[in-house]
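Asker: From the sequence below, what's the structure:
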Amino acid sequence: MKSFLRATAVMAFVLCASSCVAGDRSPDSMPRVETGSPPSASAAGGAANHPLGLADADFWGDYTRTQEATLARFAGGGFRGLLIDLPRTVVLEQHETLPLVGWYVRTLRQDGRRDLEGQAVVAVVDLHTGGLRAARALDAGKHRPPPPPPSGLDPGEGVRSEMFETDLRRMLDLPWRAGRYAAAVILQDWVSNVVTTELVDGVPVGDTRAAEPPAVWPPAGGADLPEYRRRPDSPAVPDGVGIALAAAPEVRVGGPLVVRGSFRLPLSARDWVVKGSLAGGSKTRAVLSIALLATGSDDPGPFPVQLRVPVYTVDGEQAIGHFAVDLVTLARLPRAPTVYFVHALSRDVVAAPVRVAVVPADRR
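Answerer: Residues are numbered from 1 along each chain as shown. Sure thing, here's the model as predicted:
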């Protein structure tokens, strides 16, 4: 399967009746994934994890089979956003690709503000190790949306719906072996639902009970950052499972871009520190993989950072903790004026992003 926007399947469905817009939505409003819960999937009227109603075989066959029913749900439910799906199970001996199918739905007023082909990023997390792989979601040059209306001209009410597909194995250079993964598509500050898939070949993924978590990274030292204790400017720990992010809304070129996070996340057997381990210090209960992913308005990157965060507080089977890191140093962000959207992912949990504008150093 090629990773491109198929001419026969990627159709810009434009519905220009006022009934297509649910309620009095602002031009730039849409559902976002909040701490692991996919409101976009429920808003579209589908199952939370596999919302497009496709059988596994459809992903390698006619993945447009449920197209009309999906469009009807969009129109009836007022959905705006990114909605994706994956096969539930991929038998490695039978397939050579991992197809992701998705929809990009926006109002005509939103159309042109974001470039799906040029800016969309796919993020995939290994549910066993917590490791992140991220890359551009789509090949460039295969499709371009129509140009936005002239400046100052209101395009009116209406909705544009666009279907797309891509091969995650090729785009992410995904190891073709047994494993379980969670995936999401990110378009600046818009985030899709989270879907999971399992690659199977009859060989067990591994004995998670015997696994020892890797050492904390980046290690805390004498400098102010990184910091893994609660700070006065740390965001509040979420009441439920999730990650809360905070950052200064504006930073200067050449300066740090500090992202602060607080989390309440489930622990797997792999995360616990064995007594006497040097993974994170004598008071460390667990080490949790949390990935930060920055994407820019000018250069979408992506710019990922894989953190291994020490956990000092455990509530039952949940880890409670904090982190503060400088993305300029860790992600090697380009030193130029732009806007970054920073996301956090941990297994199948995706946090709402923070927006940070990078302005010229001499700006007053």
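
Asker: which residues in the stretch 101-250 of the chain form helices?
Answerer: Taking DSSP state H, counting those that start in this stretch, the helices of the stretch 101-250 of the chain run over residues 116-119, 168-172.

Asker: What ranges in the protein fall below the confidence cut-off?
Answerer: The model of the chain has pLDDT under 70 over residues 1-48, 112, 141-152, 154-156, 202-213, 222, 275-282.

Asker: Go through it and flag its longest strand.
Answerer: Secondary structure assigned by DSSP state E gives strand 286-296 as the longest strand of the chain.

Asker: Could you list every helix and strand in contact with that one?
Answerer: For strand 286-296, the packing partners by 3 or more CB pairs under 8 Å, 6 or more residues apart in numbering; DSSP states H and E come out as strand 121-126, strand 132-136, strand 258-266, strand 303-311, strand 318-326, helix 327-331, strand 338-346. Yep, even glycine has a C-beta here, placed from its N, CA and C like the rest.

Asker: ok, now with 7 Å
Answerer: strand 121-126, strand 258-266, strand 303-311, helix 327-331, strand 338-346 (3 or more CB pairs under 7 Å, 6 or more residues apart in numbering; DSSP states H and E).

Asker: Quick one: list the elements packing against the third one.
Answerer: Packing partners of strand 303-311 (3+ CB pairs under 7 Å, 6+ apart): strand 132-136, strand 286-296, strand 318-326, helix 327-331.

Asker: any chance of those in TSV, with distance to residue 186 and mean neighbour count too?
Answerer: Below are those laid out as TSV (distance: least, CB to CB, whole Å; neighbours: other CB atoms under 10 Å):
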stretch	distance to residue 186	mean neighbour count
strand 132-136	8	21
strand 286-296	6	24
strand 318-326	19	21
helix 327-331	15	20
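
Asker: which one of the ones you listed lies closest to residue 339?
Answerer: Smallest distance to residue 339 across the helices and strands packed on strand 303-311 (CB to CB): 6.7 Å, for strand 286-296.

Asker: report the angle between the axes of the closest one and strand 258-266?
Answerer: Here the directions of strand 286-296 and strand 258-266 differ by 130 degrees (axes from the mean of the first three to the mean of the last three CA atoms, to 10 degrees).

Asker: and the longest strand of the chain, how far from the chain's centre?
Answerer: Distance of strand 286-296 from the chain centroid (CA atoms, centre = their mean, to the nearest Å) equals 11 Å.

Asker: go on, stretch 354-362?
Answerer: Taking CA atoms, centre = their mean, the mean C-alpha location of stretch 354-362 is offset from the chain mean by 22 Å.

Asker: what about stretch 322-340, start to end distance?
Answerer: Stretch 322-340 has an end-to-end distance of 21 Å (CA to CA, to the nearest Å).

Asker: Go through that stretch and list whatever outside residues touch any part of it.
Answerer: For stretch 322-340, contacts defined as CB atoms under 7 Å, 6 or more residues apart in numbering pick out 218, 225-231, 234, 253-254, 256-262, 292, 294, 296-299, 303, 305, 307, 309, 342, 355-360.

Asker: mind putting the helices and strands packed on strand 286-296 in TSV, distance to residue 61 included?
Answerer: Below are the helices and strands packed on strand 286-296 laid out as TSV (distance: least, CB to CB, whole Å):
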stretch	distance to residue 61
strand 121-126	22
strand 258-266	35
strand 303-311	33
helix 327-331	39
strand 338-346	30
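
Asker: To residue 285, which of these lies closest?
Answerer: Evaluated over the helices and strands packed on strand 286-296, closeness to residue 285 peaks at strand 303-311, with 5.2 Å, by CB to CB.

Asker: My read is that residue 306 contacts residue 291, right?
Answerer: Yes: using CB atoms under 7 Å, residue 306 is in contact with residue 291, at 5.3 Å.

Asker: Any chance you could list residues touching both of these two?
Answerer: Taking CB under 7 Å, 6+ apart as the contact rule, residue 306 and residue 291 both touch residue 132.

Asker: Looking at the helices of the stretch 101-250 of the chain, which is nearest to residue 96?
Answerer: Of all those, it is helix 168-172 that lies closest to residue 96, at 7.4 Å by CB to CB.

Asker: List the contacts of that closest one.
Answerer: Contacting residues not belonging to helix 168-172 are listed as 3, 97-98, 100, 122, 124, 133, 135-137, 174, 176, 183 [CB under 7 Å, 6+ apart].

Asker: which helices and strands sit right next to the longest helix anywhere in the chain?
Answerer: Taking DSSP state H as the criterion, the chain has its longest helix at helix 67-77. Contacts defined by 3+ CB pairs under 7 Å, 6+ apart place helix 67-77 against strand 159-167.
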